[in-house]
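Asker: here are the coordinates; sequence isn't available:
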């Protein structure tokens, strides 16, 4: 970071600083969620089974995002602390190593993904009727995996060095392109679900190109070069350690979505499609808080690295208050307008199937909205611990929502509550996660209040 940026991170009023950094990331997250929903909207016009394919492939994309965010967040949290401590040379080494690490991991995912495409779709919960749509859609996503993972990496690095607007440029450009190409490929070129996959893959390639140019042209404070790659194993172990919470959060999300698909499978394609649609709507709402948190993380990491503990505490409390207000307001809107929102993503020639899908979707969305106001405390705790390099509590808390609570619930509840258990598992897991986070938050804030604070 340059001198004026260092001064801003260390001295600017916390609310204004976080909001300034958060606005571009909120836009980025929201646009990303919207163009994912664009796939859902356009593909849903092909029928309920095609719409169900989106839910299946969502698990695959969660795996890709998990790898990208693991390396990106793991490198980014390290970089923000190094910049806070004035060690730019080591930061460049971490970024260069992380870039090529991300690219290599993408290739390792792509090759077996293409070879075992159909078995992978079944593994993620596909039915025989959904399989053709899911395979067509997923094929292009898998081919683009190396660039997608590296794009997520570069996006995170720009955010952590305080250049959220540049990160916004790359991600939003690809997102807008995807929304424009979806109807073109799906309907005009008659590619069906494959058109949505190709559109998403091409848009991610564009985002990759824009972000790479930003780094290579010197608009980033950090450099990516083969000559600067970290040579020691310790650096990569540190990246994985600091990125573990993101992997748990995103990776378990993939497993949870697959388990959700399997739990919904006995109730047919309408249940799989409806739960997938609700998941996308939830991600659109939650993306606002995640985006705000991504504006918070560089502030937390930098001030912790610089020893400004009072500013760290202020930032945590501000994030929690704003996040709670955002989620409460948006949850209320989602609950009230669920009967109008869900039908927009459902179209089927069989009206009985269409009405059944809408009924399941409205009920599931309203149950999820009830739990949403409880979620910000978990997000604040997880992002704070990750930003300051406390990987153990961050990883545990990241595991709670989709792992510790959801996975057992999605197995147990449907045995007693049938489809209701499928619909209720995630909201209950979210509330239990919030309760679990309370003692962590209280203990952390108490330590921040001590003059000789050590966390």
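Answerer: Looks like it arrived, so ask away. Just so it is clear, the model here is predicted, and its values are computed rather than measured.
Asker: For residue 255, see how far away residue 75 is.
Answerer: Separation of residue 75 from residue 255 (C-beta to C-beta, to the nearest Å): 24 Å. Glycine gets a C-beta too; all of them are placed from N, C-alpha and C.
Asker: Mind checking which of these two has more residues around it?
Answerer: residue 75 (31 against 18; other C-beta atoms under 10 Å).
Asker: what sits against that one?
Answerer: Counting by C-beta atoms under 8 Å, 6 or more residues apart in numbering, residue 75 touches 94, 95, 97, 98, 153, 156, 157, 239, 242, 243.
Asker: For the helix or strand encompassing residue 237, name the packing helices and strands.
Answerer: Taking DSSP states H and E as the definition, residue 237 sits inside helix 233-264. Under the contact definition 3 or more C-beta pairs under 8 Å, 6 or more residues apart in numbering; DSSP states H and E, helix 233-264 sits against helix 48-84, helix 88-115, helix 269-305, helix 376-387, helix 391-399, helix 407-417, helix 419-448.
Asker: Neighbours of the closest residue in space to residue 8 that isn't next to it in sequence, how many?
Answerer: Taking C-beta to C-beta, 6 or more residues apart in numbering, and ignoring the residues beside it in sequence, residue 8 has residue 17 as its nearest neighbour in space, at 6.7 Å. Neighbour count of residue 17, defined by other C-beta under 10 Å: 23.
Asker: buried set for the host helix or strand of residue 17?
Answerer: Residue 17 is part of helix 14-44 when elements are defined by DSSP H and E. Across helix 14-44, burial judged by 16 or more other C-beta atoms under 10 Å covers 14, 17-44.
Asker: Now mean pLDDT and distance to residue 203 too, for the helices and strands packed on helix 233-264, in JSON lines please.
Answerer: Below are those laid out as JSON lines (pLDDT from 0 to 100; distance: least, C-beta to C-beta, whole Å):
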{"stretch": "helix 48-84", "mean pLDDT": "91", "distance to residue 203": "13"}
{"stretch": "helix 88-115", "mean pLDDT": "96", "distance to residue 203": "16"}
{"stretch": "helix 269-305", "mean pLDDT": "92", "distance to residue 203": "17"}
{"stretch": "helix 376-387", "mean pLDDT": "93", "distance to residue 203": "27"}
{"stretch": "helix 391-399", "mean pLDDT": "88", "distance to residue 203": "28"}
{"stretch": "helix 407-417", "mean pLDDT": "97", "distance to residue 203": "32"}
{"stretch": "helix 419-448", "mean pLDDT": "95", "distance to residue 203": "28"}
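Asker: so can I have a markdown table of the ones you listed showing distance to residue 208?
Answerer: Shown next, in a markdown table, are the helices and strands packed on helix 233-264 (distance: least, C-beta to C-beta, whole Å):
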| stretch | distance to residue 208 |
| --- | --- |
| helix 48-84 | 11 |
| helix 88-115 | 10 |
| helix 269-305 | 19 |
| helix 376-387 | 24 |
| helix 391-399 | 26 |
| helix 407-417 | 33 |
| helix 419-448 | 32 |
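Asker: so which of the ones you listed comes closest to residue 129?
Answerer: Nearest to residue 129, of all the helices and strands packed on helix 233-264, is helix 48-84, at 4.6 Å by C-beta to C-beta.
Asker: in the closest one, what counts as buried?
Answerer: For helix 48-84, the neighbour count (16+ other C-beta under 10 Å) marks 48-84 as buried.
Asker: before we move on, what about stretch 116-126?
Answerer: 117, 120, 121, 124, 125, 126.
Asker: Report the spatially closest residue to the second one, excluding sequence-adjacent ones.
Answerer: With C-beta to C-beta, 6+ apart as the measure, residue 113 is the residue that lies nearest to residue 120, at 6.4 Å, once sequence neighbours are left out.
Asker: what's the answer for the first one, then?
Answerer: When the adjacent residues along the chain are set aside, residue 117 lies closest to residue 135, with 5.8 Å between them (C-beta to C-beta, 6+ apart).
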